[in-house]
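Peer 1: Just a sequence and a predicted model for now, questions to come.
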Amino acid sequence: MAKKIIFLISSVVFVVSLLSFFPLNSPKYAIKKIIIDAGHGGDDPGCKGSFSKEKDISLKVANQLAEIFKENMPEIEIVKTRPDDKFVTLNNRARMANAEHGDLFISIHCNSEPKKRAYGTETWVMGVEKFDRNLEEVVIRENSVILMEEDYKEVYEGFDPKSPESYILFNLYQNAYIKNSLNLAGKIEDQFENRVRRRSRGVKQAGYLVLWKTSMPSVLVELGFLTHKNEEKYLNDELGQTYLASGIFRAVRDYKAEIEDKN
């Protein structure tokens, strides 16, 4: 009899301990807030085409994306890091995203290439296995915007955007979110290629400062190359911008459904 009582008590203690790890009333995970980040702005034009600037296109697509969410998924709160043409430091973009407790961070950009032959979309996530100066030229360009800040050495903890050694540190960050970031990035590129009918250059990893300290799954979307004649026209076309924004929206919608179904 005593052994049965001890067994029952032990069983109850075991079940209670399990419930402390998996509470019956724990809320189901849901994506409720998305941070939309229009790259560059103000005195920082970003890359330039023959007649347009990155900061203007990224803002238009970011604002269209916010409107599409408002119309089709009004339950999701949208926070813009840059709702108009103003300069926002990379550090403050991440700080804003974290302060708002965002569930996703989407940074929107345009690309450039000196030979003016490259074209197509790319979606980047945080991650650096090795640093190749030629491969990462675009990363150096994007990160060098911090040189416009007087106190960038203190704010970015001694980071030098032109030093390969600085990028080694990035291996330690975003590991907790890399799987979901890659998942979302893949869905965005799939939408661009198969629904928007743009050339996809794929999902890539690099040490973008704007993704460095965001405490959530984060992606940086390169909509296309302003240095490519035909692509610059497409990126400045209102319908083209709508198609790109819609592609990002559908990718997030599918990602949201997949993540929430797993819970």
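Peer 2: Yes, it's here. Given the structure is predicted, the values throughout are model-derived calculations rather than measurements.
Peer 1: For S52, give me its contacts.
Peer 2: 226, 232, 235-236 (C-beta atoms under 8 Å, 6 or more residues apart in numbering). The way it works is simple: take the backbone N, C-alpha and C, and place the C-beta from them, glycine included.
Peer 1: Compile the residues you listed into JSON lines and extend it with columns for neighbour count.
Peer 2: Formatted as JSON lines, the contacts of S52 follow (neighbours: other C-beta atoms under 10 Å):
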{"residue": "L226", "neighbour count": "25"}
{"residue": "E232", "neighbour count": "23"}
{"residue": "L235", "neighbour count": "25"}
{"residue": "N236", "neighbour count": "16"}
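Peer 1: Which helix in the chain has the most residues?
Peer 2: helix 238-262 (DSSP state H).
Peer 1: Point out the other helices and strands that it packs with.
Peer 2: helix 54-72, strand 104-111, helix 178-194, helix 229-236 (3 or more C-beta pairs under 8 Å, 6 or more residues apart in numbering; DSSP states H and E).
Peer 1: if you compare the ones you listed, which one is most tucked away?
Peer 2: Counting by mean count of other C-beta atoms under 10 Å, strand 104-111 has the highest mean neighbour count of the helices and strands packed on helix 238-262, with a mean of 26.
Peer 1: Now do that strand and helix 178-194, the angle between them.
Peer 2: 50 degrees (axes from the mean of the first three to the mean of the last three C-alpha atoms, to 10 degrees).
Peer 1: Which strands or helices does strand 104-111 pack on?
Peer 2: strand 33-38, helix 54-72, helix 90-99, helix 209-212, strand 218-225, helix 238-262.
Peer 1: quick one: the shortest one to chain centroid distance?
Peer 2: Read it as helix 209-212. Taking the mean of its C-alpha atoms, helix 209-212 sits 9 Å from the chain's own mean (C-alpha atoms, centre = their mean, to the nearest Å).
Peer 1: how about the residue nearest to the spatial centre of the chain, what does it touch?
Peer 2: When C-alpha atoms, centre = their mean is applied to the chain, the residue found nearest the centroid is V219 (2.1 Å). Counting by C-beta under 8 Å, 6+ apart, V219 touches 105-107, 123-125, 181, 184-185, 188, 211.
Peer 1: Mind doing that once more with 6 Å?
Peer 2: Neighbouring residues of V219 by C-beta atoms under 6 Å, 6 or more residues apart in numbering: 106, 123, 125, 181, 184-185.
Peer 1: Is it bridged to anything, and to what?
Peer 2: I106 (DSSP bridges).
Peer 1: next one: A38
Peer 2: Here A38, judged by DSSP bridges, has bridge partners I108.
Peer 1: give me the low-pLDDT residue ranges for the protein?
Peer 2: 1-28, 128-148, 150-159, 161-175 (pLDDT under 70).
Peer 1: ok, back up a step: may I see the buried residues of the longest helix of the chain?
Peer 2: By neighbour count with 16 or more other C-beta atoms under 10 Å, helix 238-262 contains the buried residues 240-256, 259.
Peer 1: Tell me what angle it forms with strand 104-111.
Peer 2: Going by the same axes, to 10 degrees, helix 238-262 makes 150 degrees with strand 104-111.
Peer 1: ok, and what's touching helix 238-262?
Peer 2: 30-31, 60-61, 64-65, 68, 184, 187-188, 191-192, 195-196, 223, 234.
Peer 1: what two of the residues you listed are the furthest from one another?
Peer 2: A30 and Y234 (34.8 Å; C-beta to C-beta).
Peer 1: Would you pull up how far stretch 203-216 lies from the middle of the chain?
Peer 2: That offset, for stretch 203-216, works out to 7 Å (C-alpha atoms, centre = their mean).
Peer 1: Next, the distance between the ends of it.
Peer 2: End-to-end distance for stretch 203-216, by C-alpha to C-alpha, to the nearest Å: 18 Å.
Peer 1: Equivalent analysis for stretch 46-56, please.
Peer 2: 9 Å.
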